[in-house]
Structure formats: C-alpha cells, structure tokens
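> Quick one, what's the 3D model for this:
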Amino acid sequence: MPRAEACKLDVHLFDGMRRSQIALSAPVPEGEGVACTGEYRRLAGFSAKEMAEKERFAFRLVYVPVGEGMLRVNLIETDTIFGTGYLRRR
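Reported below is the predicted structural model:
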C-alpha cells in the first residue's frame, strides 16, 4: 500500500448472512512505519447474544516499509472476547 493511503479504509462487508464494517484511522509514525487505530463493528445478522456480548472490537494495525514508498501490514493487535490477540507477519 502506498504510504499516503495508510489508515484510509472504511469498508462494509457482507458474507451472505452478516453485515460488518472495518475502519482504519488516526495514522501515527511508528519507527519507519505507520500505526493506525482500527475498529471492527458487527452491524446486522448477528444473534442478540453476539451483539450483547460485544458489538465493537478495537484493534491496532502497524505497517512497515517495504521499499519505494510502499508499506505492508506487519502486526495487528486486537481486542477479542477472550482477551488481546496478536497477528504478526513472519
């Protein structure tokens, strides 16, 4: 992704049953890369229990440079119903 486009995302998803939204914002420098604040939201099609349990999931996404002004995701740190989860590129 071009550095200028980092943290500029707001997409609505539909998997045939459920609607959700993923949004990124608030880019801040992190080392040579960029970190973003993100949120995953359950919008529709989830059970009342799922919606009561948790409707919004905050996450943090970290991009690192890969050359020629481009970035790629290296880390996602997310809030889950079980605690904090980490996805790190190997």
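
> Let me see the ranges of the helices in this structure.
Taking DSSP state H as the test, the helices found in the chain are 48-53.

> Okay, and the beta partners of the residue positioned nearest the centre of it?
In the chain, the centroid-proximal residue (CA atoms, centre = their mean) is G38; its distance is 4.5 Å. Assessed by DSSP bridges, G38 has beta-bridge partners L24, F59.

> and the gap between it and F57?
9 Å (CB to CB, to the nearest Å). From N, CA and C alone the C-beta is placed, and that goes for glycine too.

> P2 too?
27 Å.

> Between these two, point out the one with more neighbours.
F57 (17 against 10; other CB atoms under 10 Å).

> Which residue is the nearest non-sequential neighbour of that one?
Distance criterion CB to CB, 6 or more residues apart in numbering; nearest residue to F57, sequence neighbours excluded, is Y40 at 4.4 Å.

> Run a quick neighbour tally on the one you found.
Y40: 17 neighbours (other CB under 10 Å).

> ok, now C36?
Neighbours of C36 (other CB under 10 Å): 22.

> show me the contacts for the nearest residue in space to it that is not next to it in sequence.
Spatial nearest neighbour of C36, chain neighbours left out: C7 (3.7 Å); criterion: CB to CB, 6+ apart. Residues counted as contacts of C7 (CB atoms under 8 Å, 6 or more residues apart in numbering) are L24, S25, A26, P27, V34, C36, T37, L61.

> Can you list the low-confidence ranges for the chain?
Across the chain, nothing is flagged by pLDDT under 70.

> so where do the strands sit in it?
9-14, 19-30, 33-44, 56-67, 70-80, 83-88 (DSSP state E).

> Can you tell me the closest non-neighbouring residue to E53?
Among residues not flanking E53 along the chain, I81 sits closest, at 6.1 Å (CB to CB, 6+ apart).

> roughly how far apart are that neighbour and V73?
Computed with CB to CB, the distance linking I81 and V73 is 23 Å.

> So for the two, which residue has more residues nearby?
Per other CB under 10 Å, whichever of I81 and V73 has more neighbours is V73, with 16 against 9.
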